[in-house]
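Novice: all I have is the shape, not the residue letters:
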């Protein structure tokens, strides 16, 4: 097949392009800007466009398919040319479905934990040399790609994102996969720029449950009341399999998971991550891995990239970074840090970076999200607010939203860095939560302050 990618530089798009190249497809692409790691990965495979920009002349009737990324706009000149020629235009999830419609599709969804659970499943499969196709939203240890597609593998494991499919397809991505085996980890309102009300957001999960292939199964976190209600109300003829957080203890900064064979030391920590382990275990069992083999493998799982990722450790201090940005994730991650390092002072720094988190109306959802931290810092960039064309958020609005009198707030990247690098982190645990980089923070430099 001859496939062209419009906006090939995206995190998901470039990985799919590489997967198709590895499969023997003829792959081309365009983008108006590409940054690392996408840039170097595409270059290594000979897929980096010779020049940045949009070139309608690349779109010809020789193409079997065009894959349209979210970074492109509806008036993209290459898209318009493809429409004019009547070419088959796929969104990213549509194309993944086309590649996997004859496989057993395992889809992992939920407002939080989906990347981690998908990563756990793939780690277990890799540990036991079970070859599966996959798409995951983070770089995993032991994997050189984030998308793998073959002709032979029976299973494909897909991270099921609820965000939109493409600029011309406003359906959430996970509506398009039609899973045989599905998991939902929870529902917590997010992406308010797309789903303006909580009810509208929840509706997307109802549609997902109803999209599961008849005779298939939904494994779901029964501790989430909203999710439990959605699954139990569905009239789809599928098996409904609840899971719960397993018993565990924390001793001397180590988490021990209770198993039939006794306490098992594991690398990940926090109630939300133990809940993720329970969900991953059931999916792995659906895929043929028995409980004992699952526990053996999961003991060596260190976590997905940017998900409670340890970036520095000293004699009395430690630092983690985490992708957490939505209120439920921030709360779960901060609580997990305090539980794991209860003998240290936890310094939690949160960057408000997404559309939702920078929305004045949505801010109240963060009430109590940083309560578990001994010291709480919020950073946001007024420049980012302008770029996203949102109303300005004030210091007072943030302070009132978190309802924490001692909250420290920064809007200047240099001032935040000065604060961070002037602190004595002896006997402290530092947590950096963001889907951005605090206006240019070098995370490697953080190692210098963790002693």
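Specialist: Perfect, I can see it now. The model shown is predicted, which means the values in this text are computed figures rather than measured ones.
Novice: how near is the residue most central in space within the chain to residue 357?
Specialist: Centroid-nearest residue in the chain, with C-alpha atoms, centre = their mean: residue 115, separated by 4.6 Å. Residue 115 is 18 Å from residue 357, where distance means C-beta to C-beta, to the nearest Å. C-beta here means a position set from N, CA and C on the backbone, and glycine is covered the same way.
Novice: what of residue 304?
Specialist: 21 Å.
Novice: residue 123 too?
Specialist: Counting by C-beta to C-beta, the gap from residue 123 to residue 357 is 30 Å.
Novice: these two: which is more packed in?
Specialist: Shown here are residue 123 and residue 357; by other C-beta atoms under 10 Å, residue 357 has more neighbours (26 against 23).
Novice: in contact with the more buried one, which residues?
Specialist: 325-326, 363, 366, 380 (C-beta atoms under 8 Å, 6 or more residues apart in numbering).
Novice: check which helix or strand covers the residue nearest to the centre of the chain.
Specialist: helix 114-127 (DSSP states H and E).
Novice: and that helix, what does it pack onto?
Specialist: strand 104-109, strand 155-160, helix 271-286, helix 291-298 (3 or more C-beta pairs under 8 Å, 6 or more residues apart in numbering; DSSP states H and E).
Novice: make TSV out of those and add mean pLDDT.
Specialist: Shown next, in TSV, are the helices and strands packed on helix 114-127 (pLDDT from 0 to 100):
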stretch	mean pLDDT
strand 104-109	98
strand 155-160	98
helix 271-286	97
helix 291-298	96
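Novice: can you pull the domain assignment for the protein?
Specialist: 2-87, 95-298, 309-449 (automatic domain parsing).
Novice: where is the longest strand in this structure?
Specialist: strand 345-352 (DSSP state E).
Novice: in it, what's buried?
Specialist: 345-352 (16 or more other C-beta atoms under 10 Å).
Novice: distance from that strand to the middle of the chain?
Specialist: Mean-position distance between strand 345-352 and its chain equals 20 Å (C-alpha atoms, centre = their mean, to the nearest Å).
Novice: what of stretch 200-215?
Specialist: Counting by C-alpha atoms, centre = their mean, stretch 200-215 comes out at 19 Å from the chain centroid.
Novice: same thing with stretch 261-279?
Specialist: Put simply, stretch 261-279 sits 19 Å off its chain's centre (C-alpha atoms, centre = their mean).
Novice: adjust the sequence numbering to begin at 38 for everything that follows.
Specialist: Sounds good: first residue 38 from here, last item stretch 298-316.
Novice: which residues touch it?
Specialist: Under C-beta under 8 Å, 6+ apart, the answer for stretch 298-316 is 149-150, 153-154, 157, 220, 222, 256, 258, 260, 280-283, 285-287, 291-295, 329, 332, 335-340, 345, 369-370, 372-374, 376-377.
Novice: ok, now with 6 Å
Specialist: 150, 153-154, 220, 280, 282-283, 285, 291-294, 332, 336, 339-340, 369, 373, 377 (C-beta atoms under 6 Å, 6 or more residues apart in numbering).
Novice: what do you get for stretch 169-181?
Specialist: 152, 155-156, 159, 162-163, 183-187, 190, 192-196, 341-342.
Novice: can you rerun that using 7 Å?
Specialist: With contacts defined as C-beta atoms under 7 Å, 6 or more residues apart in numbering, stretch 169-181 is touched by 133, 137, 140, 152, 155-156, 159-160, 162-163, 183-187, 190, 192-196, 339, 341-344.
Novice: can you check stretch 365-375 too?
Specialist: 148-149, 225, 306-310, 345, 357, 359, 361, 383, 385, 387, 403, 405-407, 409-410, 466, 468, 470.
Novice: just the buried subset of those residues, please.
Specialist: Counted by 16+ other C-beta under 10 Å, the contacts of stretch 365-375 give 148-149, 225, 306-307, 309-310, 345, 357, 359, 361, 383, 385, 387, 403, 406-407, 409-410, 466, 468, 470 as buried.
Novice: mind checking which of those are in helices?
Specialist: Residues from those lying in helices, with DSSP state H as the criterion: 309-310.
Novice: which members of the buried ones among the contacts of stretch 365-375 occur in strands, if any?
Specialist: Per DSSP E, these map to strands at 357, 359, 383, 385, 387, 466, 468, 470.
Novice: local confidence estimate at the first one?
Specialist: Among the per-residue scores, residue 357 holds a pLDDT of 95.
Novice: so it bridges to which residues?
Specialist: residue 347, residue 468 (DSSP bridges).
Novice: that one: what's it in contact with?
Specialist: By C-beta under 7 Å, 6+ apart, the neighbours of residue 357 are 345-348, 374, 468.
Novice: measure the residue nearest to residue 208 when sequence neighbours are not counted to residue 107 for me?
Specialist: The shortest distance from residue 208 to any non-neighbouring residue, by C-beta to C-beta, 6 or more residues apart in numbering, is to residue 202 (5.3 Å). For residue 202, the distance to residue 107 (C-beta to C-beta) stands at 8 Å.
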